[in-house]
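Colleague: Attaching a predicted model along with its sequence, questions to come.
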Amino acid sequence: MGEPLPIHEAEQALLYVSADGDRETVWFPMAGALKDEYGEAGFELFDSWSQQGQSYDKGACKATWRSAKAGHYSIGTLIKLAVEGGWQRPKRELTAEEKRALADEAKARRAVRQKELEADAERAAQLQEAVADACQAIWDNHTQSIGRSAYLGKKGVGAHGIRFFKHAALLVIDDQAMACEVKTGPDIRAFFNTLAKPRPDHISFLKLDSGAIAVPMRDAAGKVWAIQTVNEQGTKLFPKYSRKKGCCHLLGDLNGSELVGFAEGYATAATAYEIGAGWPVVACFDSGNMFTVAEAFRDAGLLEGKTPIWLADNDKVNPRTGKRAGQDAAERCQAEFGGVMLVPHFPEGEAA
């Protein structure tokens, strides 16, 4: 590990990194690197640097900072990008005392950062539970098993264990109050009429329209942690702070079945379920969650005596990473848990 990077050197290094760079490879990693190294003290640096970009937006900057997670990037990310931009870190011989001072400074920053991480984790866990309680209430009181959906009609599949909203609802999350509540009817209009402008950072909300479907997100024990909504246009939304990792939606019954499918989204799972002579299929919500769901099923003994079928989306190769999310996830699952992998084939030139 190299010498710690004092915050004044980080400020200089940022001058060599364009704030107009690609969001995925520069902007988001920069937030993660600064937050990982300097904690909340790094936001001023990130915000000041971001303002040099032509598309700077204060709200987007704050949102990116809040979503940055420790461990994804390190200060080495900043150093690498700055060096590529022409920055040369000042070189000078440090005395033993100076080296100790730098190390102590970095150690103190890490201690503060660790406390911030622990506090963030505790808050996130509390809000996750609050969202789970609110989503269970929505499932019980504001949805029904009978309804119509333009999205399901477009996909040509039926409703299997999902529900339809009886009416519009609003899920409101207050970070400061550590609370999550559901509003319906006149309370929705009252909320927007009294909401401060600009909207406070600690308030967020998710509108649940009557034309959308509600897909329960359960863990292997059956607890509802959140609800995925899919509107008539096919847009898929998750509540803020909701738990997705390891959560899924099961179509059919595992009891007595020798096969069990694992798919990404609900539509793929429903298609497989309907043409698969009734063998159960698990919707994992995205390719990155498929392995975690399968792991949870295995640990709970739900895969015993069953052959898993990995239903991979036929994704095109990502030109930036050279990977195919759907197939790569399915191959990883097959290597770990066995079973069979299936990938749909389309006529040449037709979108997957």
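Modeller: Good, I have the coordinates.
Colleague: any idea which element the closest residue in space to Pro90 that isn't next to it in sequence lies in?
Modeller: Once flanking residues are discounted, Pro90 sits nearest to Glu9: 7.3 Å by CB to CB, 6 or more residues apart in numbering. The way it works is simple: take the backbone N, C-alpha and C, and place the C-beta from them, glycine included. Assessed by DSSP states H and E, Glu9 sits inside helix 7-14.
Colleague: Which strands or helices does that helix pack on?
Modeller: Judged by 3 or more CB pairs under 8 Å, 6 or more residues apart in numbering; DSSP states H and E, helix 7-14 is in contact with helix 28-38, helix 43-50, helix 75-84.
Colleague: Neighbours of the residue found closest to Gln176 once you drop the neighbours it is linked to in the chain, how many?
Modeller: Counting by CB to CB, 6+ apart, His202 is the residue found nearest to Gln176 once chain neighbours are left out, at 4.4 Å. Residues lying near His202 (other CB atoms under 10 Å) number 11.
Colleague: got a list of what His202 touches?
Modeller: Asp174, Asp175, Gln176 (CB atoms under 8 Å, 6 or more residues apart in numbering).
Colleague: Next, the last one: phi, psi?
Modeller: Here is the backbone geometry of Gln176 (degrees, to the nearest 10): phi -70, psi -40.
Colleague: ranges for the strands of the stretch 1-150 of the chain?
Modeller: If DSSP state E, counting those that start in this stretch is used as the criterion, the strands of the stretch 1-150 of the chain fall at 143-144.
Colleague: With the stretch 251-352 of the chain instead?
Modeller: 259-263, 281-283, 307-311, 340-342.
Colleague: As JSON lines, the ones you listed with mean neighbour count would be great.
Modeller: Below are those laid out as JSON lines (neighbours: other CB atoms under 10 Å):
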{"stretch": "strand 259-263", "mean neighbour count": "24"}
{"stretch": "strand 281-283", "mean neighbour count": "28"}
{"stretch": "strand 307-311", "mean neighbour count": "22"}
{"stretch": "strand 340-342", "mean neighbour count": "14"}
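Colleague: got those strands as CSV, with mean pLDDT and distance to Ala125 columns?
Modeller: What follows is the strands of the stretch 251-352 of the chain, written out as CSV (pLDDT from 0 to 100; distance: least, CB to CB, whole Å):
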stretch, mean pLDDT, distance to Ala125
strand 259-263, 96, 27
strand 281-283, 97, 25
strand 307-311, 96, 30
strand 340-342, 92, 35
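Colleague: and of these, who's closest to Ala60?
Modeller: strand 281-283 (30.6 Å; CB to CB).
Colleague: ok so, going back, just name the closest of the contacts of His202 to Gly85, please.
Modeller: For the contacts of His202, the nearest to Gly85 is Asp175 (35.6 Å; CB to CB).
Colleague: Would you confirm that the closest one contacts Leu127?
Modeller: Yes - counting by CB atoms under 8 Å, Asp175 touches Leu127, with 7.2 Å between them.
Colleague: can you give me the helices in this structure?
Modeller: 7-14, 28-38, 43-50, 58-67, 75-84, 96-141, 150-155, 186-194, 266-275, 287-299, 325-337 (DSSP state H).
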